[in-house]
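S.K.: fold the stuff below for me.
(2 chains)
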Amino acid sequence: MDVRDTLSASLKKIETREGKRLNMFVCGPTVQDKPHMGHARTYVFYDVLARYLRYKKIRLFYLMNITDIEDHIITKMQETGRSWEDIIDSNSSEFFRVMGILKNNSVNYYAFATDYISEIIAQVSKLIKKGYAYEIADGVYYRARKFKDYGKLSKQNLDQLMIGARVEVNEEKEDPLDFALWKKKKEGEPSWPSPWGEGRPGWHIEDTAITESFFGPNYDIHGGAKDLIFPHHESEIAQMEAISRKKPLVKYWIHTGHLNVDDIKMSKSLKNFVTVEEALKNYWPEAIRIMMLSMRYNAAVNFDEKAVVDAQGTAERISILQHRVNSSKLTKNERAEEVVKRILAPLENDVNTPETIKEFLGFVKDSLAKSKMTEEEKGEIKYVLNEVEKVMGIVHNAPLPERSMDIVLNLRNELRKKGDYGSADKIRDSLKDEGIKIEDTAEGSYLWW
RNA sequence: GGGUAGGUGGCAGAGCGGCUAUGCACGGGACUGCAGAUCCCGACUAUUGGGGUUCGAAUCCCCACCUACCCUCCA
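M.R.: You can find the predicted model right below:
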């Protein structure tokens, strides 16, 4: 399959060697707050990428870091008076919880930055030894200009950057471009011992320390949102390639577009965010996934009420079909396999999820239009839904005691036959309160939820 | 100022040289005890502007304009 690689700014074919594992690292969140929909957007995408690679029988190791020490976490401590442990525990638990509900369950391992302090220290030491880093009063810094490729990922001309435009320049640094590898402790900050005194790691070094621990100096896919290209990912390249001298750090750099609100990026600092928790109160996780996956991953997505409501409707339509065929036996045959193949084929082309969704919805529409279906046809549809679900995670399927529900349904239909609509409606209304909807059709009555 | 992505119907958003998606919204109908959902039909028939390449361009090239993102922490 092809994927758009940021470094080469072109489509690259993902090469896999027989029996060799594919390693993917995606930048996880800083757990200073509850995850918002912007995070959901990014991680839903990488989840689908991971699911699809595995669907193709590629052995994939999907690693994600959790940034549990960083300036904003410290700010949060100061603002709220809460302890560091309390903040990261509650927010990371919430992150894992909502990722689970969103069906983002393809990550093999979550690595907390502070579990890799010794690896971080080792990398910083190597950089100092190689002349790429130096110590000053408040920390250890990387000599960005010494790494001649600095800027290659973001295509930046270092002399034309707006240095210090909005941030105070530390005059003690050799060059304003130099970035922190280790920050020395200030009063009240969490810290770890190091050769440079008590302190904490810089942001960029956390990731290279983690990826080197798991993957060594080189690996396959590195993902994250676009805002991380510079300076974060740029600096990762500078650190790891300077240490290992083994280029390239990463074969495929994939960057996702943002989730916007009124065309402006949803972000913690702008306070224009909607938490995933809030969104899940009103919408199915499948609806959120459909919304996110309805556009190309590299484009910006506008988050507005209408878009999610639309997606919710779509998710419900899929669910209706799902419940119509659910009691049938799964039928895997050539025709069904062809359909699945057609639906998933666009993913080969730079993970074109919108095309896949379009194909899938076409299939759903055609299937719903069939007035009389044989058991075999139902079984085929069930197979298609199953396979698509494996990759996309957009088929809503909350478990319910199906059989006991059938009893309720049959009783209600007897009441309807007798003309006791009052009682029949009462049943329908009560079930609706439970989130279960009844659909009466010429073919019979169905429940869905 | 530099860099990176884009600019498609009422809205959202695919397509990336010829076949003009899809969803929502809109109009009409079918089904139904009602409701919801579903289905059928219809209308709208678009590609920022200006040049160019081509038999043919939303799709390729050039220029202009506009937008977002990055150069501060950020998914």
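
S.K.: chain center to stretch A:108-119: distance?
M.R.: Between the centre of stretch A:108-119 and the centre of its chain there are 19 Å (Cα atoms, centre = their mean, to the nearest Å).

S.K.: tell me the domain ranges of chain A?
M.R.: Domain assignment for chain A by automatic domain parsing gives A:2-265, A:315-392, A:402-448.

S.K.: redo those domains as CSV? Include mean neighbour count, distance to RNA strand B and mean pLDDT.
M.R.: Every residue, glycine included, has its C-beta placed from N, CA and C. Output for these, formatted as CSV (neighbours: other Cβ atoms under 10 Å; distance: least, Cβ to the nearest atom of the strand, whole Å; pLDDT from 0 to 100):
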stretch, mean neighbour count, distance to RNA strand B, mean pLDDT
domain A:2-265, 18, 2, 93
domain A:315-392, 18, 4, 90
domain A:402-448, 13, 3, 81
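
S.K.: now those domains in TSV, with distance to A:V274?
M.R.: Compiled in TSV, the domains of chain A are given as follows (distance: least, Cβ to Cβ, whole Å):
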stretch	distance to A:V274
domain A:2-265	5
domain A:315-392	18
domain A:402-448	22
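
S.K.: so what touches the host helix or strand of A:E355?
M.R.: Element membership for A:E355, per DSSP states H and E: helix A:353-369. With contact meaning Cβ atoms under 8 Å, 6 or more residues apart in numbering, helix A:353-369 is reached by A:45, A:48, A:290, A:293-297, A:314, A:317-318, A:320-321, A:324, A:339, A:342-347, A:349, A:381, A:384, A:388, A:392, A:394.

S.K.: packing partners of the very next helix or strand once past it?
M.R.: Sequence order places helix A:375-392 as the next helix or strand after helix A:353-369, per DSSP H and E. Under the contact definition 3 or more Cβ pairs under 8 Å, 6 or more residues apart in numbering; DSSP states H and E, helix A:375-392 sits against helix A:37-55, helix A:305-325, helix A:334-344, helix A:353-369.

S.K.: just the CA trace of helix A:375-392, in CSV.
M.R.: The C-alpha trace of helix A:375-392 is given here as CSV (Å, rounded to 0.1, in the frame of the first residue of the first chain):
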residue,chain,number,x,y,z
GLU,A,375,-30.7,-16.7,4.9
GLU,A,376,-27.7,-17.0,2.7
GLU,A,377,-27.9,-13.3,1.6
LYS,A,378,-28.2,-12.3,5.2
GLY,A,379,-25.2,-14.4,6.1
GLU,A,380,-23.2,-12.7,3.4
ILE,A,381,-24.1,-9.3,4.6
LYS,A,382,-23.2,-10.3,8.1
TYR,A,383,-19.8,-11.4,6.8
VAL,A,384,-19.2,-8.1,5.0
LEU,A,385,-20.2,-6.1,8.1
ASN,A,386,-17.9,-8.3,10.2
GLU,A,387,-14.9,-7.8,8.0
VAL,A,388,-15.4,-4.1,7.6
GLU,A,389,-15.8,-3.8,11.3
LYS,A,390,-12.4,-5.4,11.8
VAL,A,391,-10.7,-2.6,10.0
MET,A,392,-12.9,0.4,10.4
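
S.K.: contacts for it?
M.R.: Helix A:375-392 is contacted by residues A:48, A:51-52, A:55, A:289, A:293, A:318, A:321-322, A:324-326, A:328-333, A:335-336, A:339-340, A:343-344, A:347, A:353, A:356-357, A:360, A:363, A:367, A:370, A:373, A:394-395, A:397 when judged by Cβ under 8 Å, 6+ apart.

S.K.: could you do stretch A:261-277 as well?
M.R.: The contact list for stretch A:261-277 (Cβ under 8 Å, 6+ apart) reads A:32-40, A:72, A:94, A:98, A:101-102, A:227, A:258-260, A:288, A:300, A:302-304.

S.K.: against A:V140, how distant is A:K183?
M.R.: 8 Å (Cβ to Cβ, to the nearest Å).

S.K.: hang on, I meant A:T256
M.R.: 31 Å.

S.K.: also A:V339?
M.R.: Going from A:V339 to A:V140 by Cβ to Cβ gives 57 Å.

S.K.: same question for A:I229.
M.R.: A:I229 is 24 Å from A:V140, where distance means Cβ to Cβ.

S.K.: now the strand or helix carrying A:D220 - C-alpha only, CSV.
M.R.: Take DSSP H and E as the rule and A:D220 turns out to sit in strand A:219-225. What follows is strand A:219-225, C-alpha atoms only, in CSV (Å, rounded to 0.1, in the frame of the first residue of the first chain):
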residue,chain,number,x,y,z
TYR,A,219,12.1,1.9,12.6
ASP,A,220,9.3,2.0,10.0
ILE,A,221,6.4,4.4,10.7
HIS,A,222,6.2,7.5,12.9
GLY,A,223,2.9,9.2,13.2
GLY,A,224,1.5,12.2,14.8
ALA,A,225,-0.5,15.3,14.0
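
S.K.: which elements pack onto the next helix or strand after it?
M.R.: Using DSSP H and E, the helix or strand that follows strand A:219-225 in sequence is helix A:234-244. If contacts are counted by 3+ Cβ pairs under 8 Å, 6+ apart, helix A:234-244 sits against helix A:117-129, strand A:139-142, helix A:203-215.

S.K.: elements contacting the first one?
M.R.: With contacts taken as 3+ Cβ pairs under 8 Å, 6+ apart, helix A:117-129 sits against strand A:133-136, strand A:139-142, strand A:179-184, strand A:199-201, helix A:203-215, helix A:234-244.

S.K.: roughly how far is the fourth one from the heart of the chain?
M.R.: For strand A:199-201, the distance between its averaged C-alpha position and the chain's averaged C-alpha position is 27 Å (Cα atoms, centre = their mean).

S.K.: name the residues that touch it?
M.R.: Defining contact as Cβ under 8 Å, 6+ apart, one finds that strand A:199-201 is touched by A:69, A:113, A:117, A:120, A:124, A:139, A:181-185, A:189-192, A:209.

S.K.: same question for the fifth one.
M.R.: Taking Cβ under 8 Å, 6+ apart as the criterion, the residues outside helix A:203-215 that touch it are A:23, A:25, A:27, A:61, A:63, A:65, A:67, A:70, A:109, A:111, A:113, A:116, A:119-120, A:122-124, A:179-182, A:201, A:219, A:222, A:231-232, A:235-236, A:239-240, A:243, A:249.

S.K.: for the last one, same thing?
M.R.: The contact list for helix A:234-244 (Cβ under 8 Å, 6+ apart) reads A:123, A:126-127, A:130, A:132, A:142, A:144, A:146-147, A:149-154, A:156, A:179, A:181, A:204-205, A:207-208, A:211-212, A:217-218, A:222, A:247-250.
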